[in-house]
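# Provided below for reference: sequence and predicted model.
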Amino acid sequence: MRTSKYYRKYGRLYGPHFTKELCNFAVSLMEDGKGPITPITKEQLESKMKVQGIKLENDKLHDAVYVANMCKADYLGDAVPNNDYNLCMYVKKTIDDPDGYDG
């Protein structure tokens with residue numbers, strides 16, 4: 001598979017992480033089975049994490065925002081019980097996974 005020069009430039013600048021623009025684009029394509037999701041913003045996620053007393057150690061750029069919205073689209077209310085604590089813990093476990101990968 002060939003990659004564009006723009007993708008390679010993006011990778012050199014940001015590595016495997018989501019910028020705000022790339023995160024917004026990816027999240028705009030997410031659906032929950034009933035249609036497009038209402039995205040969780042960075043500010044909303046940070047507020048939820050603070051209220052739940054959950055702190056991220058390895059978050060970069062907008063990676064956690066992407067993960068939160070992916071959870072909302074694919075898992076919340078099904079594999080992950082539908083509440084803020086479980087959403088925040090999903091994000092924490094994914095972002096701070098010790099044997100996970102960067103990005």
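Looks like it arrived, so ask away.

# end-to-end on stretch 29-42?
17 Å (CA to CA, to the nearest Å).

# give me the contact list for it.
20, 24, 27-28, 48, 62, 64-65, 68-70, 72-74, 76 (CB atoms under 8 Å, 6 or more residues apart in numbering). (Each C-beta comes from the backbone N, C-alpha and C, glycine too.)

# stretch 84-95 too?
So stretch 84-95 is contacted by 45, 48-49, 51-52, 54, 56-59, 63-64, 67-68, 71-72, 75-76, 80, 100 (CB under 8 Å, 6+ apart).

# buried stuff in that stretch?
Asn86, Leu87, Cys88, Met89, Tyr90, Val91, Lys92, Thr94, Ile95 (16 or more other CB atoms under 10 Å).

# show me the contacts of stretch 29-42 that map onto strands.
Using DSSP state E, no member of those sits in strands.

# got a quick ChimeraX command for the buried subset of those residues?
Selection of buried members from the contacts of stretch 29-42 for ChimeraX, criterion 16+ other CB under 10 Å:
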select :24,27,48,62,64,65,68,69,70,72,73,76
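
# low-confidence ranges, the protein, go.
Scanning the chain for pLDDT under 70 picks out 1-15, 101-103.

# helices of that one, residue ranges please.
Residue ranges of the helices in the chain, as given by DSSP state H, are 5-14, 20-28, 42-52, 63-74, 84-95.

# buried stuff in the third one?
Buried residues in helix 42-52, defined by neighbour count with 16+ other CB under 10 Å: Lys42, Leu45, Lys48, Met49, Gln52.

# would you turn those into TSV with distance to Lys34?
Formatted as TSV, the buried residues of helix 42-52 follow (distance: CB to CB, whole Å):
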residue	distance to Lys34
Lys42	24
Leu45	22
Lys48	22
Met49	26
Gln52	26
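
# farthest-separated two in the residues you listed?
Lys42 and Gln52 (15.8 Å; CB to CB).

# would TSV of the buried residues of stretch 84-95 with distance to Pro16 be doable?
Formatted as TSV, the buried residues of stretch 84-95 follow (distance: CB to CB, whole Å):
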residue	distance to Pro16
Asn86	26
Leu87	23
Cys88	23
Met89	23
Tyr90	20
Val91	17
Lys92	19
Thr94	14
Ile95	13
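
# no further questions, thank you.
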